Structure formats: structure tokens, C-alpha cells
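*Asks:* Predicted model, plus sequence, below.
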Amino acid sequence: MLDPCEPWRIIAITFTNKAADELKDRLEKSLGPEARDVWAMTFHSACARILRRDIDRLGYGRDFTIYDTTDSGSLIKRILKEFDLDDKTYNHRSILGEISRSKDAMIGPEEYCAAAAKSGDPRRRNYGRVYQEYEKRMQSANAVDFDDLILLTVRLLKEQPDVLDYYQRRFRYVLIDEYQDTNNLQYELSALLAGGRNNICVVGDDDQSIYRFRGATIENILSFEKQYKNARVIRLEQNYRSTGHILEAANAVIANNRGRKGKNLWTDRGSGNVPQLYIAGDERDEAQYVAGKILAGVSGGENFRDHAVLYRMNAQSNQLEFAFKRNGIPYRVIGGTRFFDRAEIKDVLAYLCVLANPSDEIRLARIVNQPPRGIGQTSLEAVQRLAEENGVSSYVIMSQAGEYPELSRAAVRLRAFTAMLDELRGMETEMTLPELYDEVLRRTGYTAMLEAKLTDENQTRLENVNELKTNILTYIKENPEGGLKGFLDEISLYTDIDSLDRTQDCVAMMTMHAAKGLEFDTVFIVGAEEGVFPGSRSIGEPEEMEEERRLCYVAMTRARKNLYFVCARHRMLFGRTVSGRPSRFVDEIPAEHIRRPSETGFSFGGETDLWDARPEGPTAGYGSGYGSGYGQRRTYGGGRAPGRSDYRESYLQPAAQKTRKKEPLPQAPKESASFSVGDRVRHKAFGEGTVVSIQPTGSDALMEIEFESAGRKRLMRNTASAFMKKI
DNA sequence: CGCACCACAATTTTT
DNA sequence: TTGTGGTGCG
């Protein structure tokens, strides 16, 4: 603290907005309002900010728009069509990936094409053609994609010494969070910003690098010390989150990786509970097991929100959701389809984008006939052709549609369309953003279109469109003088509104990737089978496998107190039933740090073992035969696949499920007794008590019971009724 | 031009 | 199994 530094001399870069916001919050709490001068933001927003200032030096307009992956994808699709490349061999996703990789390696389209020509590979040549065209179109639409934000900033700093100088002088302290997740471009950018001063501080954990697939290169952190010779390395090996067994188990798993610096976490929080493995018959059983454990936990006084279920793929969430609904467990799925990916949101935003930047071809094409206004594919293509020929944007052609005979049929409608947008654009100055938004919804007829056919789906869409307005209001509140462009900038880089709301008492469900940075008392890692986790794609690929193992490490270390691995012997995956053995990661845990099914306690009375101990469940199907049967079987741990006859038995199960699933939602079993406040009850484990309160939760209810000897407990009615009766 | 039906594919994800 | 995207018909 000898030399307090001015906050504006600091740039702190994170990957997610959430992390950036948290950082800002904490800074503000400890520094006060001065903290606002710190540039605490994501790579992308920092770059956007730098580019807004000087991108014109690279031949773009300063009011550039940012395309997200979907927008870029549409552009690629359009190019593919025009080039007459069949989209089976050339699917837009792989091209997008190729372009992204090229940009990360700072290989421009020309260079790419040159290399492709030399290689003689026709496929790569075509990739090059598409890449080139993509760049051309992006520039004429004055649009940049996510990679461009960083790439162009790096280029700007490299090509314009005075700009580089400006930022290097300004930022005397450069901090980068989650350094293990940086890709090449981000690495370049960090190095440029840190400049001659080398005053850079990075935070990261090589064992938590789980984004290799999107270009992150673990070498960045592994070679940091080489990069910056005088770097001081501070190792943070004390873990303040997990208890001993969990930590030891995680350490043991990650120790199997070769490409790492190596560390050993320790804790002083005691050894805690031993992680547990459960082998379920199928994914339904798996889900029911998790549900049961959660109910047992809640019965023991925990909150739903202390539990998280982590899986490898989003598709796995389905059965869990069914089980949770069936058991009246409130839950929240994090991730999956994001708010800003919804069609209606994209539509409405597209209108706003076109208002801000009429050259935005992709967004224009999206909205021109949405809602339908009689401008079809043919007209649109004619417009686009004319735009190409005349070297102007489609928007210009549309507004002068009358001058082109080939557009005669749609001319009136095209002109009306642009006239409407022009008018809306004119309103921008005289009304607030929320007002403008309403006006857009009204004038374009978007709301009317949804209201015309008020299906459930459209109802949701309307709600989403309204939800977007909330975003606008929030934005205006935080940026009183911010305009349309500012909002769009923020929104295109902010996709994160679906993040976890810890105030609601819900079980959290998410992919292991999404769980990074979070923590829960109890964590379930489901689908812990070979082929699922680690995924079949990574088996036989050492590098990939190490990444999966890191993912496992991340997932395990999310748990504070309880960790469960759950796997299924048979699983319906993509419409096919596959069988797998438990994940190798589980095998990597030394016996003393994991409890396998054969050793699973069946002693009645242990609170967390209520479910295992339960003689028969209130939920039909579970516990009958398969799932619970495996609890006692030793054969499984031995590693041999189940006998065929066993297999058959379980195999028949899914058929029965099918009908079940079709029903609206399997309601809570009827036989679960009803209780009312004041009832005297006797519980098998807790003894006698009195019902204090009952709170309905979905098909179930949360009851609070004051037990004479066991004290006050919170129990879920459906589960508890198996152990408890009125007296 | 809109809607319905069929084929096909399918980790992980931030920005 | 599920969701999406493309094609073909009314």
C-alpha cells in the first residue's frame, strides 16, 4: 500500500459478465464510488469499448454491429447457398468453427486461401472462398463477430502505435481472471496491454481448463512464467470450500493428468462425508435416486437450493425434471436454450438493430417479412441481388424499390416497410428507449401478430418480449444517457440473464461446464458412465480425456459437504438404449474416499440413508426390482458386464415408462397420506411429533414437524408418508 | 405464401 | 427421443 494506484489505471478482464459484475460489486464495496473508474469487464466488452473509439482506422464504421453466432451462421448459410455448395459436406457450423480457429490463429482469408490453394484440397479451397466472402459481407454490413472483437483490437493495437501507446500508458495494472481459459487472441491482447511494463497479474487454475474445445489453450498458463521472467507465482492450495474426503477424491482424480503443473489442495474443514457412488438401473432410476436423496436431505433440514445436479449434456436434464416434478421438488435448469436465442427476442432485437444500422443485412432479412407483410423469398432475393450489383445495402434498394422494374410487384410493400423503419428511426431522438421499444412493437405489428393467435406458445413469446422491456428499463436506469446503440451493444455482449438466482429455494440443474465457479453443499454428478462422462468422443483421445478429467475435477470441487456419483447401467440416449460401466473417474478415486454400492450403508436411522433404507417407496416403479437390487450386488464393482438375463429384465422397463411419460405429469401417488397442521404423527426414524406447518410445493408439500426427541424437521409429505403415520 | 410433414442430427459454451 | 430445418403441397 505504499503507492496507492489510481483506479482508472487498472484493467481487470474476466470471461463472463457475471464475473465482471461481481468484481465491480466487490470493488465498489471496498473502494467506494472511485471503483467505477476501474475497467472491470469481459474481454469482449473491453474490446468493444476500444473499438468504438478507433475502429475507423481499420476501415469499419464506429457504429458497427456485433453479430452473435447465430447471425454469423445465417450469413454462412446464405453464402453456401449462393456458392452452390451442398450443405452436407459444408455445414455451416464446421465452417464457422474453421473461421473462428483461423481468426484465433490470426490467419486472414487471403492467407487461408493461399494455404488452401497450395494444399490442393478442394474442401479447404471452398472453406477459403466462404471465409473470404464472409469477411467481405461482414464488412459491408459493418458487422463484427465475437472473434473479430478481439482480433480487430489486437490488430488495432499492433498496427497503430499511438493507440497502443495510449492504452499502455493508461493501464499500468493488467489483471486477467481465469487465465487458463484464454485463447491465442486473448493471450495476445493481454500481452499487448501489459506492454513494456509487464505489470500483469493473472489468476487461473490449469486443472480447471475446460474450454479447450473453444480455443482455450492451457499452454498460456503453463508457460506464463517463461513468458514473464520475473513473475512471482503464488500458489493457493488451501481450499475453503470442500471437506476432506471430497478434496482427496478430487485430487486423486486430477492426479491422473499429465499436462499440468501439479498441486495438492488441502483443507482444514475436517474430513466430512465420503463421496458416494450409486449404480442405477436406468436413467429414470437414476433420477429417482437423486430425487430421493434430495427429499431426504430436505427432510433433514436442508434447503433445496443447497443441492445441485450436474450432468455432461443438457439432454440429460429430462428424466431428472420428470422425477423432480413427480416428487414436487422445485428446480431450476440453468443454461440450455438461452433467452436471447429465442426467435421472438431475436426478431425484436433485429428490428432495433436495423434501426441502429440499416446495413445490417442479416437482421434485415430476418424481419422483412416477420410479421408477414407480403415480402417473400423471391422479392428478398431480388433485392439482395440488386444490392450486390449496385454496391449498396438492401435497405437502400428497398427504399427505392419503385425504380427497379424487377421489384414492381413488391415495390409498394418494400417502400412501406422502409418508410415505417425510417419513421421509427426518426422517433429515436424524441422518445425514451422504452417508449421507442413499445412503438416498434406496435408499428411493426409484432405484438399484434402474437396476439392474433393466442396459443400457449405465443403467450410465452409475448411474455418474453415483455421481459426484454425489463432489460431495457434496467439498462436505462443504469445508463441514463445511454441510447439505442448503447443498449444493443450491451445486450449483444450480455447473454447471461438466465443465471442462477440464489434467493429462490430451488435445486439447481446444469451442465458441469455451467457449474464452474459455483458451489453447493450437495452435488450430484449424474451420468457417470463411460460413454457419457467421459463422453464417447473423448475415449481414445488422450488430450480430450484429460479435458474430461479436468471437467470432473471442476464438478467434484463444486461440492462443499456431500458428493454423489450416479450412473445408470442402461440409458436411453438419442433414442437408443446404451449400456455402460461406471466412469473411469470413479475408479480413480481411492477406496477410502468413495463409498461404492456394495458398501452402501443399509443401517436404518442414518438420516441421509433414509432413502436407501426405505422398505418400499411411495413412488411406484422405483425400488421394485432393479434399482434397489443393485445396491446390494457385488458383481457390479467387479467390473463385469451384467448377465444377459439381468439385462432383459431392465430392458423391459422403458416400455412401461413410455405410457407414463405421455400422461400430463405423473401426479404424486394417491396413497400418500394427508396430514394437517396439529396432527400427531409417529415417524420411523424421528419418533413422535406434531405437524407445525404445511406448505404445498407442486404435487407435494413441505411439512414442518416438531418431533419430541429429534427436534424440528422439514419433511416432504410424499416421502415422509412412507415412514410416518398419524396417531 | 403459409403450413404441414418428414428427414436428419445429436457434447460441452462465452461472448 | 427430441428438436430443427428443408421441401412440397394446398
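*Replies:* That came through fine.
*Asks:* Can you list the buried residues in stretch A:331-338?
*Replies:* A:Tyr331, A:Arg332, A:Val333, A:Ile334, A:Gly335 (16 or more other C-beta atoms under 10 Å). Where you see a C-beta, it was placed from the backbone N, CA and C, and this is true even at glycine.
*Asks:* So what sits opposite the first one in the bridge?
*Replies:* Read it as A:Tyr331. A:Val507 (DSSP bridges).
*Asks:* picking that back up, just the buried residues of stretch A:331-338 now: which is nearest DNA strand C?
*Replies:* The nearest member of the buried residues of stretch A:331-338 to DNA strand C, counting by C-beta to the nearest atom of the strand, is A:Val333 at 11.8 Å.
*Asks:* Touching, that closest one and A:Glu321? I think so.
*Replies:* Yes. Assessed by C-beta atoms under 8 Å, A:Val333 is found in contact with A:Glu321 at 7.1 Å.
*Asks:* what do the two both touch?
*Replies:* Taking C-beta atoms under 8 Å, 6 or more residues apart in numbering as the contact rule, A:Val333 and A:Glu321 both touch A:Met509.
*Asks:* Would you mark the buried spots in stretch A:585-598?
*Replies:* Buried-residue list, stretch A:585-598, by 16+ other C-beta under 10 Å: A:Phe585, A:Val586, A:Asp587, A:Glu588, A:Ile589, A:His593, A:Ile594, A:Arg595, A:Arg596, A:Pro597, A:Ser598.
*Asks:* any idea which of these is closest to DNA strand B?
*Replies:* A:Phe585 (13.4 Å).
*Asks:* separation between the residue nearest to A:Gly689 when sequence neighbours are not counted and DNA strand C?
*Replies:* Closest residue to A:Gly689 in three dimensions, ignoring its sequence neighbours and counting by C-beta to C-beta, 6 or more residues apart in numbering: A:Phe707, at 3.6 Å. Relative to DNA strand C, A:Phe707 is positioned 41 Å away (C-beta to the nearest atom of the strand, to the nearest Å).
*Asks:* what about A:Phe707, neighbour count?
*Replies:* Neighbour count for A:Phe707, taken as other C-beta atoms under 10 Å: 18.
*Asks:* And for A:Arg537?
*Replies:* With other C-beta under 10 Å as criterion, A:Arg537 counts 10.
*Asks:* ok now do the residue lying closest to it once chain neighbours are set aside, which residues does it touch?
*Replies:* Spatial nearest neighbour of A:Arg537, chain neighbours left out: A:Glu544 (6.7 Å); criterion: C-beta to C-beta, 6+ apart. Residues counted as contacts of A:Glu544 (C-beta under 8 Å, 6+ apart) are A:Pro534, A:Arg537, A:Ser538.
*Asks:* next one: A:Val554
*Replies:* A:Asp207, A:Gln208, A:Ile210, A:Met512, A:Ala515, A:Lys516.
*Asks:* How about A:Val526?
*Replies:* A:Glu286, A:Ala287, A:Val290, A:Val309, A:Leu310, A:Tyr311, A:Gln316, A:Leu320, A:Val566, A:Cys567.
*Asks:* so is the fifth one in a helix, a strand, or just coil?
*Replies:* The three-state label given to A:Leu310 by DSSP: H, G, I helix; E, B strand; the rest coil is strand.
*Asks:* so it touches A:Phe524, yeah?
*Replies:* Yes. Using C-beta under 8 Å, A:Leu310 makes contact with A:Phe524 at a distance of 6.7 Å.
*Asks:* sorry, back to before: just the buried ones from the contacts of A:Val554?
*Replies:* Applying 16+ other C-beta under 10 Å to the contacts of A:Val554 flags A:Asp207, A:Gln208, A:Ile210, A:Met512, A:Ala515, A:Lys516 as buried.
*Asks:* What pLDDT does the model give the first one?
*Replies:* Read it as A:Asp207. In this model, A:Asp207 is scored at 95, pLDDT.
*Asks:* wait, what's in contact with it?
*Replies:* With C-beta under 8 Å, 6+ apart, A:Asp207 has these contacts: A:Ile254, A:Asn257, A:Arg260, A:Lys263, A:Arg550, A:Tyr553, A:Val554.
*Asks:* what about 10 Å?
*Replies:* A:Asp207 makes contact with A:180, A:218, A:250-251, A:253-255, A:257, A:260-263, A:265, A:546, A:549-550, A:553-554, A:557 under the criterion C-beta atoms under 10 Å, 6 or more residues apart in numbering.
*Asks:* The fourth one too?
*Replies:* For A:Met512, the contact set (C-beta under 10 Å, 6+ apart) comprises A:210, A:310-313, A:523, A:525, A:527, A:533, A:548, A:551-556, A:558.
*Asks:* Can you give me the distance of it to A:Gln208?
*Replies:* According to C-beta to C-beta, to the nearest Å, A:Met512 and A:Gln208 sit 11 Å apart.
*Asks:* hey, what's in contact with both of these two?
*Replies:* Common neighbours of A:Met512 and A:Gln208 (C-beta under 10 Å, 6+ apart) are A:Leu551, A:Tyr553, A:Val554.
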